[in-house]
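In: got a predicted structure plus its sequence, pasted below:
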Amino acid sequence: MTSVWRHARRRLPLAIRADAVELLDGGCLSLPEVEQNLVDLARLNRLPGGTSASIDGIERLVGRGPDARILDVGIGFGDMPLAFARHGWRTVGLDINPDVLLIARRETGAEPLVGIVAGDGRALPFDDDSFDVAHASLFVHHFEPIELVGILGELRRVARLGVVINDLRRGLVPLLATVASVVAFGRSRVTWTDGLASARRSYTLAELDELLAEAGLVINWRSSRWHPRVVTAAAVGRGG
């Protein structure tokens, strides 16, 4: 069994991040295709390592009381900000994709604790320390390391306490788990295609740790390393 495992690991090109462009990033999807993908992702967010793990990570930084102010970059279907609102947290969701913004505004419009704005994670339209925590789910793997350090720096700049990153981790077991999840819970070709690409584009935890440190963030909590998605709560480093 050990030799088979090692052979499989050598055959899969996971040592280096893949550079494939995901369909959602390509700008060629119809609005119904975008919406079905976001619905699928909201369904996947209910699995271990999803929304509940993000909430745990945020609580590590803000405590369990209400009134925290959260920035959610890469808003998706709006399901995570709605979950944050149920904790009494005021959340601003940000995205650059107009179709995603349209859907998220519709889904969150009845919740006064959630606001949606258009913006680019590489140049956030907010003052320093505008939020208690900046959160990003299934977002960071879309960017190359040099660009991601700048994005993490922007998240650090606008967050008074720290940053919470929820993302896939690269590796054979996470890849297999991700494929199984998107096949079982996904309903669209976009989810199936992008799920595999995301698993191959994601960072290892060691790689993410280096990028967080370069951006001036100090890890103070991490969810289970055995899930395909791992949440990292990183405090603002006051020395940098």
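Out: Here it is on my side, so go on. Just so it is clear, the model here is predicted, and its values are computed rather than measured.
In: skipping its backbone neighbours, what lies nearest V62 in space?
Out: Closest residue to V62 apart from its sequence neighbours, by Cβ to Cβ, 6 or more residues apart in numbering: A68 at 4.2 Å. All C-beta spots, glycine's among them, are computed from the backbone N, C-alpha and C.
In: can you give me the neighbour number for L212?
Out: Residues near L212, counting by other Cβ atoms under 10 Å, number 23.
In: ugh, typo on my part, it should be F185
Out: Using other Cβ under 10 Å: F185 sits among 15 other residues.
In: need the phi and psi values for the nearest residue to it once chain neighbours are set aside.
Out: Spatially, and ignoring its direct neighbours in sequence, F185 is nearest to R43 (5.0 Å; Cβ to Cβ, 6+ apart). The phi and psi torsions at R43 (degrees, to the nearest 10) take the values phi -70, psi -40.
In: how close does R43 get to V100?
Out: In this view, R43 and V100 are 16 Å apart by Cβ to Cβ, to the nearest Å.
In: tell me which of those two has more neighbours.
Out: V100 (24 against 18).
In: list the residues that contact that one.
Out: For V100, the contact set (Cβ atoms under 8 Å, 6 or more residues apart in numbering) comprises V34, L38, I75, G76.
In: the most centrally placed residue in the chain pairs with what?
Out: Nearest to the geometric centre of the chain sits S137, at 1.6 Å (Cα atoms, centre = their mean). S137 has the following beta-bridge partners by DSSP bridges: N166.
In: narrow the contacts of V100 to those in strands?
Out: Using DSSP state E, no member of those falls within strands.
In: most neighbours among the residues you listed, which one?
Out: Result: I75 is most packed of those (other Cβ under 10 Å), 29 neighbours.
In: got the phi and psi for it?
Out: Torsion angles, degrees, to the nearest 10, at I75: phi -70, psi -30.
In: contacting residues around the nearest residue in space to it that is not next to it in sequence?
Out: Of all residues not flanking I75 in the chain, G93 sits nearest, at 3.6 Å (Cβ to Cβ, 6+ apart). Contacts here follow Cβ under 8 Å, 6+ apart; on that basis G93 touches D72, I75, G78, P81, A104, T108, V114, G115, I116, V117.
In: could you identify the most distant pair in these?
Out: Greatest spatial distance in the contacts of G93: G78 and V117, 12.6 Å, computed using Cβ to Cβ.
In: of those two, which one has the most company?
Out: G78 (26 against 15).
In: check contacts around the more buried one.
Out: G93, I103, A104, R105, E107, T108, V114, I116.
In: please look at the third one and D95 and confirm they touch.
Out: Yes. Under the contact definition of Cβ atoms under 8 Å, A104 touches D95, with a separation of 6.8 Å.
In: shared neighbours of those two, which are they?
Out: In contact with both A104 and D95: I75, G76, I116, using Cβ under 8 Å, 6+ apart.
In: show the pLDDT at the residue nearest to F185.
Out: Predicted confidence (pLDDT) for R43: 95.
In: and for the one 10 residues further on?
Out: As summarised for this prediction, A53 has a pLDDT of 97.
In: list of residues touching the helix or strand containing it?
Out: Assigned by DSSP states H and E, A53 falls within helix 51-62. With Cβ under 8 Å, 6+ apart as the test, helix 51-62 has contacts from 45, 68, 70, 79-80, 83-84, 87, 89, 132-133, 135, 137, 161-162, 164, 166, 220-221, 223, 227, 229-233, 235.
In: picking that back up, residue contacts, the residue nearest to V62?
Out: Contacts of A68 by Cβ under 8 Å, 6+ apart are I58, V62, H87, G88, W89, R90, D132, V133.
In: what count of nearby residues applies to the third one?
Out: Using other Cβ under 10 Å, the number of residues around H87 comes to 18.
In: okay then, goodbye and thanks.
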